Structure formats: structure tokens, C-alpha cells
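Visitor: Have a look at this prediction, sequence included:
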Amino acid sequence: MGALILRWLWKPVAVLLALLAVWLRGRASAKQQTALEAAEAYVRGRKGMDKADAEISDDPHVLRSALSVRPPDTK
């Protein structure tokens, strides 16, 4: 009786294990892709901040004049 059950069950169990392996591999790939996208977003943001820092002058007169042309509703 036990041998008969094993003879019928090994194929569905093998299919389920194969599907589980494929699902786990896809999940790991998605996590890796998410980490890569996060790293790329960080690099883009960091480059934007560095560019903004490079455009700001250290001259107090330039900074003061930039503040004087701001819209009045900004704090």
C-alpha cells in the first residue's frame, strides 16, 4: 500500500518542488533588482546634490542678492 502511494505521489511532489525552486529564484532576482534600482536612485540623487553644491557661490554678496530675489511668500 505504501509503495503504491509513493508511486503515485512522487510526480506531483517533484512538480511542486520544481515550482517552489522557480518561485524562490524569481523572488531572489526581484530583491536584487530592487536593490540595484535603489542604488541607482541614490547615485542620481547624490549627483544632483553635488551639482547644486557646485553651482552655489561662496561669495556673501552673491548669496545675499540671491536671497533678495526670492518670492515673498517663501520663508
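Guide: Nice, I can see it.
Visitor: Quick check: which element contains the residue positioned nearest the centre of the chain?
Guide: Centroid-nearest residue in the chain: Ala38, 2.9 Å away (criterion: Cα atoms, centre = their mean). Secondary structure assigned from DSSP states H and E places Ala38 in helix 2-55.
Visitor: In the helix or strand that that helix is followed by, which residues are buried?
Guide: Using DSSP H and E, the next helix or strand after helix 2-55 towards the C-terminus is helix 60-68. The neighbour-count check on helix 60-68 (16 or more other Cβ atoms under 10 Å) flags nothing as buried. For glycine as for every other residue, the C-beta is placed from the backbone atoms N, C-alpha and C.
Visitor: average pLDDT across helix 60-68?
Guide: Mean pLDDT, taken over the full extent of helix 60-68, equals 80.
Visitor: Also stretch 16-31?
Guide: 85.
Visitor: Now do it: distance to the chain's middle.
Guide: Centroid separation for stretch 16-31 versus its chain: 20 Å, with Cα atoms, centre = their mean, to the nearest Å.
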